[in-house]
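1. build the 3D model from these lines:
(2 chains)
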Amino acid sequence: NAGVMQNPRHLVRRRGQEARLRCSPMKGHSHVYWYRQLPEEGLKFMVYLQKENIIDESGMPKERFSAEFPKEGPSILRIQQVVRGDSAAYFCASSPLRTGARGAFFGQGTRLTVV
Amino acid sequence: KNEVEQSPQNLTAQEGEFITINCSYSVGISALHWLQQHPGGGIVSLFMLSSGKKKHGRLIATINIQEKHSSLHITASHPRDSAVYICAVYYLTQGGSEKLVFGKGTKLTVNP
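-> Sure, this is the predicted structure:
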């Protein structure tokens, strides 16, 4: 049973480009959480999704950021028109329905660098 | 003021030393999580606690709910323990779901 898979591990984008970060949850997990870790800062919650539903997006910036978790395929965190301040490590975690957030396993993260 | 405070921020030790990392929180919680992050690496769960004490190998985690404080101890530290240790607390939102709030982490370096 593979763990939570995130790709790419490292992503470099120029200012104004789009960044797409993918997260494949563990087999049998229906909940996905995205967190952002800014340099010298702690992890911050961004969004919580279940299949085809956004449950809580209170941590998402109001503009340029969106997330989805389709019925088939990975969860995608999309950042449009990236700026330097978006450079960070983005972590995904997944959990099964019965445990919620406290049963979550983390992925290796995607390190986004905006140049 | 952060809801989850860790101390120290940085810690350097010699191999074999006993290590303590502290976590204080201000929100009412349902559980507390200790996580480990290696440089450039992913995040690994070490412990989840809602009361008392847990032990796994050389790692011990304790929590005092009344004092809103948890500690992570490493006995006989080793250079491979060098990592960032993150305290995170679960609390129930008004909507009834659980959310994680993270400390900024403690960077531990164990020298041979």
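2. for chain B, what lies in contact range of chain A?
-> Residues of chain B lying near chain A by C-beta under 8 Å from any C-beta of the partner chain: B:2, B:4, B:30-31, B:33, B:35, B:40-45, B:48, B:86, B:88, B:90, B:93, B:95, B:97-105. To be clear about C-beta, it is placed using only N, CA and C from the backbone, and glycine gets the same treatment.
3. those, buried ones only, as a PyMOL selection?
-> Buried members of those, defined by 16 or more other C-beta atoms under 10 Å in any protein chain shown, are picked up in PyMOL with:
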select buried, chain B and resi 4+31+33+35+42+43+45+48+86+88+90+98+99+100+101+102+103+104+105
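4. which of the residues of chain B next to chain A fall in strands?
-> Counted as lying in strands by DSSP state E, out of these, are B:4, B:31, B:33, B:35, B:43-45, B:48, B:86, B:88, B:90, B:98-102.
5. from these, which one has the minimum pLDDT?
-> Ranked by pLDDT, those bottom out at residue B:98 (73).
6. just checking, next helix/strand downstream of the helix or strand harbouring residue A:76?
-> According to DSSP states H and E, residue A:76 maps onto strand A:75-79. Once the chain leaves strand A:75-79, the next helix or strand it forms, by DSSP H and E, is strand A:88-95.
7. relative to strand B:43-49, how tilted is that following strand?
-> Relative orientation of strand A:88-95 versus strand B:43-49 (axes from the mean of the first three to the mean of the last three C-alpha atoms, to 10 degrees): 50 degrees.
8. quick one on the thing from earlier: pLDDT on the strand holding residue A:76, on average?
-> For strand A:75-79, the mean per-residue pLDDT is 98.
9. elements contacting that strand?
-> If you count contacts as 3 or more C-beta pairs under 8 Å, 6 or more residues apart in numbering or on different chains; DSSP states H and E, strand A:75-79 packs onto strand A:19-24, strand A:31-37, strand A:43-50, strand A:65-68, strand A:88-95.
10. given that strand, what are its sheet partners and their directions?
-> Applying DSSP bridges, strand A:75-79 is found paired with strand A:19-24 (antiparallel), strand A:65-68 (antiparallel).
11. hmm, residue B:36 is touching residue B:46, no?
-> Yes. Counting by C-beta atoms under 8 Å, residue B:36 does reach residue B:46; the two are 5.4 Å apart.
12. how near is residue B:13 to chain A?
-> Using C-beta to the nearest C-beta, to the nearest Å, residue B:13 is found at 22 Å from chain A.
13. if you could redo that for residue B:18, that was the one I meant.
-> For residue B:18, the distance to chain A (C-beta to the nearest C-beta) stands at 25 Å.
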